[in-house]
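Q: Make a model of this:
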Amino acid sequence: MGDLWKAVADGSRRQILLLLLKDGEKTPSEIAGNFDFTLPALSTHLKVLREADLVSERRVGQNRLYSVRTEKMSEMLSFFDAFWDDRLGRLKRHVESGR
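A: This next block holds a predicted model:
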């Protein structure tokens, strides 16, 4: 899961993921049009996201289309669900104990 955390540690990559989740499949040019970075910088971000299996790449002719791999996002959400369930359970027990 290390590559996954590295990938989402960067704010620009999180914004790319949000864009693809919201709008669906896009070409690099369409993605870059929403940000202030160059196509080479975007290419680096997309490579990190691909290596973490957070996005997939599909070729249509000469175009590359990127989309979010929702199954990998689900894995990450499951981690946070378990994390917060544990933390909230501890908080509830602490409050109920009156300490």
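Q: and the helix ranked longest in the chain, what other elements does it pack with?
A: Longest helix in the chain, counting residues (DSSP state H): helix 70-97. Judged by 3 or more Cβ pairs under 8 Å, 6 or more residues apart in numbering; DSSP states H and E, helix 70-97 is in contact with helix 2-9. Placement of C-beta: from N, CA and C, glycine included.
Q: And the contacts of the helix it packs on?
A: Contact with helix 2-9 is made by Arg13, Arg14, Leu17, Val48, Leu49, Glu51, Ala52, Asp53, Leu54, Lys72, Glu75, Met76, as judged by Cβ atoms under 8 Å, 6 or more residues apart in numbering.
Q: Over to stretch 42-55?
A: So stretch 42-55 is in contact with 3-4, 6-8, 10, 12-13, 16-17, 20, 28, 31-32, 35, 37, 56-57, 66-69, 72-73, going by Cβ under 8 Å, 6+ apart.
Q: host element of the residue nearest to the spatial centre of the chain?
A: For the chain, the residue sitting closest to the mean C-alpha position, by Cα atoms, centre = their mean, is Leu17 at 4.7 Å. In the assignment (DSSP states H and E), Leu17 maps to helix 11-23.
Q: ok, now Leu49?
A: Counting by DSSP H and E, Leu49 is found in helix 39-51.
Q: List the buried residues in that helix.
A: Residues Leu42, His45, Leu46, Val48, Leu49, Arg50 are the ones in helix 39-51 that count as buried (16 or more other Cβ atoms under 10 Å).
Q: so where's this structure shaky on pLDDT?
A: Where the chain drops to pLDDT under 70, the residues are 1-2, 83, 99.
Q: Kindly recompute the last result at 90.
A: 1-6, 8-9, 37, 70-99 (pLDDT under 90).
Q: Give me the distance between Trp84 and Leu91.
A: 10 Å (Cβ to Cβ, to the nearest Å).
Q: For Arg50, see how far away the residue nearest to the centre of the chain is.
A: 12 Å.
Q: With Phe35 instead?
A: 17 Å.
Q: again with Ser74
A: Taking Cβ to Cβ, one finds Ser74 at 18 Å from Arg50.
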